[in-house]
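**Q** Give me coordinates for this.
(4 chains)
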4 protein chains.
Amino acid sequence: MLFQPVDPHYAERVRGSFGRQNAMALIGARLELVEPGRVEIRLPYRDENTQQKGYVHGGVLGMIADTACGYAAFSLMPSGCSLVTVEYKINILRPALGTLLARGEVIKPGRTLTIARGDVFTEEGAHVATMQQTLMMLADTPDTPGKP
Amino acid sequence: MLFQPVDPHYAERVRGSFGRQNAMALIGARLELVEPGRVEIRLPYRDENTQQKGYVHGGVLGMIADTACGYAAFSLMPSGCSLVTVEYKINILRPALGTLLARGEVIKPGRTLTIARGDVFTEEGAHVATMQQTLMMLADTPDTPGKP
Amino acid sequence: MLFQPVDPHYAERVRGSFGRQNAMALIGARLELVEPGRVEIRLPYRDENTQQKGYVHGGVLGMIADTACGYAAFSLMPSGCSLVTVEYKINILRPALGTLLARGEVIKPGRTLTIARGDVFTEEGAHVATMQQTLMMLADTPDTPGKP
Amino acid sequence: MLFQPVDPHYAERVRGSFGRQNAMALIGARLELVEPGRVEIRLPYRDENTQQKGYVHGGVLGMIADTACGYAAFSLMPSGCSLVTVEYKINILRPALGTLLARGEVIKPGRTLTIARGDVFTEEGAHVATMQQTLMMLADTPDTPGKP
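**A** All right, here's what the predicted structure looks like:
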């Protein structure tokens, strides 16, 4: 599963876009790894991200897996485009505690649609969640806030 | 789609559990409506919840729909049980701006598994996202942080 | 949920395409209703379609819901295009026996992507399965077997 | 991803159950490989299984991936139990022609729920579809047709 990026500056582009995601800062997520078709996000444990029993909220697991998949797809796209999440499906495999790592990997890149897989692990390597996602490229569309 | 709750205090139980979800406070989500098998959550727009283009993050849409579905299911369960999200799948239908309303509704309640649907709308009624979710009841399990 | 078809001959186009689906003939499925954005398929019970316990196979439920959703989307598209299923997710709500009705309905039509919902019922109205599906229109592409 | 079966006769049990699935015979699917937590099904190309453009029907891809996942899960279960599909989600990655191989693999086995992944390939190794599935074990339940 190795991909050749069309944009040699893919990593900067991904890091710049991730840096504009306020929601990632809100939960304390950090971009760890950016490779062509593979992105990893680290989420330290915070009380603020928990559900009613003290585990990391299932929706927060979805957020980091969704974002890791999205940037895995974005890394393979040309500069000057933007990306939207069409849909994702996540199975939560066990309760999540401690620092988490979300890995997104492209399964099939495409001109219009890209399919990616996301997996969330604890630092000890326990498999916490797995996601399947569909993304759509918007050609010639800025990846920054536009005028409505 | 009308359900009879087995716990007459279902609404207090749901509100208490929601109140312990730090992640809902983090994004500013409020519980609006609790009925048997139906729950609504309101999310005012906040810059902190956005993705790189200024729209509400797709993972945040997942969080509020996931939570609305979960509590819709929880409202029909007996007291003394807890609930885990098995999986969910969300389609994002359009970019989300402004205050959002997430509605969760039970499609099929069950002793072990409950299936729910979640929908997210803008205040103007635009359909932003739709979710299908599977939840599992844990009988005789406290819905509060336990000792590990 | 009412839609205006762009092709006045949408119903003939849907019926013609359904008639070329050998897999529908194989399981004995019939097209019952074609409206703009809504399609119903009837599947009489046959021993040939069952799983190991004598119920209708879960994959067969997927086939009829998938097809009903696809043609609901196809009914709203212009003539001269074709359609591919991007993905679908189905929850099976109860074991299926007897004649089944699959209803597909468009949730959100789009130039490129259409989102649809599918539901399968027994003749008595029991809800057997529910599906969420994403479809992609291929503009200016024949909906017939081409030369490879 | 190696699992230890609790039932030493898991392979016979899986083969017996598969043999009772009339729907697999209907489409011409054959059980190729049965290992603990991994099952492969082969589907030769047949005109009967196609959609309107001559490709293998997307619902048929779902059928073989669903069944491969189900029996991967069933291989790890004790004798005397039965299994139901709770839900599955499939992405179709490219049009499918020729003989297909569906591989189901357990991601996380569990006492009640098992999560599995399914992938469909052509004989040349092209990745045609990928599935994520949730299954539920029914303890002390015969895996054969019962009295209604």
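
**Q** CA-only coordinates of the longest helix belonging to chain A in CSV, if you can.
**A** When chain A is parsed with DSSP state H, its longest helix is helix A:58-74. Taking C-alpha atoms only, helix A:58-74 is exported to CSV below (Å, rounded to 0.1, in the frame of the first residue of the first chain):
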residue,chain,number,x,y,z
GLY,A,58,-17.1,7.6,20.9
GLY,A,59,-17.7,10.8,18.9
VAL,A,60,-14.2,11.9,19.7
LEU,A,61,-12.9,8.6,18.4
GLY,A,62,-14.8,9.3,15.3
MET,A,63,-13.3,12.9,15.0
ILE,A,64,-9.7,11.7,15.1
ALA,A,65,-10.3,8.7,12.8
ASP,A,66,-12.3,10.9,10.4
THR,A,67,-9.5,13.5,10.3
ALA,A,68,-6.7,11.0,9.9
CYS,A,69,-8.5,9.4,7.0
GLY,A,70,-9.3,12.7,5.4
TYR,A,71,-5.7,13.9,5.5
ALA,A,72,-4.5,10.5,4.2
ALA,A,73,-6.7,11.2,1.2
PHE,A,74,-5.7,14.8,1.0
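
**Q** can you tell me which residues contact the nearest residue to residue A:63 once chain neighbours are set aside?
**A** Excluding the flanking residues, the one nearest residue A:63 by Cβ to Cβ, 6 or more residues apart in numbering or on different chains is residue B:59, at 2.8 Å. Bear in mind the C-beta positions are built from the backbone N, C-alpha and C, glycine included. Contact analysis of residue B:59 by Cβ atoms under 8 Å, 6 or more residues apart in numbering or on different chains lists A:23, A:59-60, A:62-64, A:66-67.

**Q** How much space separates residue B:59 from chain C?
**A** For residue B:59, the distance to chain C equals 18 Å [Cβ to the nearest Cβ, to the nearest Å].

**Q** I'd like to know how far that residue sits from residue C:12.
**A** 43 Å (Cβ to Cβ, to the nearest Å).

**Q** burial of residue A:141, as a residue count?
**A** Neighbours of residue A:141 under the rule other Cβ atoms under 10 Å in any protein chain shown: 14.

**Q** what is the residue lying closest to it once chain neighbours are set aside paired to in the beta sheet?
**A** With sequence-adjacent residues excluded and distances taken as Cβ to Cβ, 6+ apart, residue A:141 is closest to residue A:82, at 4.1 Å. Here residue A:82 sits in beta bridges with residue A:138, going by DSSP bridges.

**Q** Neighbours of residue A:82, how many?
**A** Neighbourhood size, residue A:82 [other Cβ under 10 Å]: 19.

**Q** for residue A:3, same thing?
**A** By other Cβ under 10 Å, neighbour count at residue A:3 equals 16.

**Q** For the helix or strand containing residue A:23, give the mean pLDDT please.
**A** Using DSSP states H and E, residue A:23 sits in helix A:22-27. The pLDDT scores in helix A:22-27 average 98.

**Q** Distance from the chain centre to stretch A:17-28, please.
**A** 11 Å (Cα atoms, centre = their mean, to the nearest Å).

**Q** Please name the residues that touch residue A:134.
**A** A:85-88, A:113-115, C:86-87, C:134, D:91.

**Q** picking that back up, quick check: the residue nearest to residue A:141 vs chain C, distance?
**A** 14 Å.

**Q** quick one, what contacts the nearest residue to residue A:7 once chain neighbours are set aside?
**A** For residue A:7, ignoring the flanking residues on the chain, the nearest one in space by Cβ to Cβ, 6+ apart is residue A:79 at 4.7 Å. Listed by Cβ under 8 Å, 6+ apart, the contact partners of residue A:79 are A:7, A:9, A:13.
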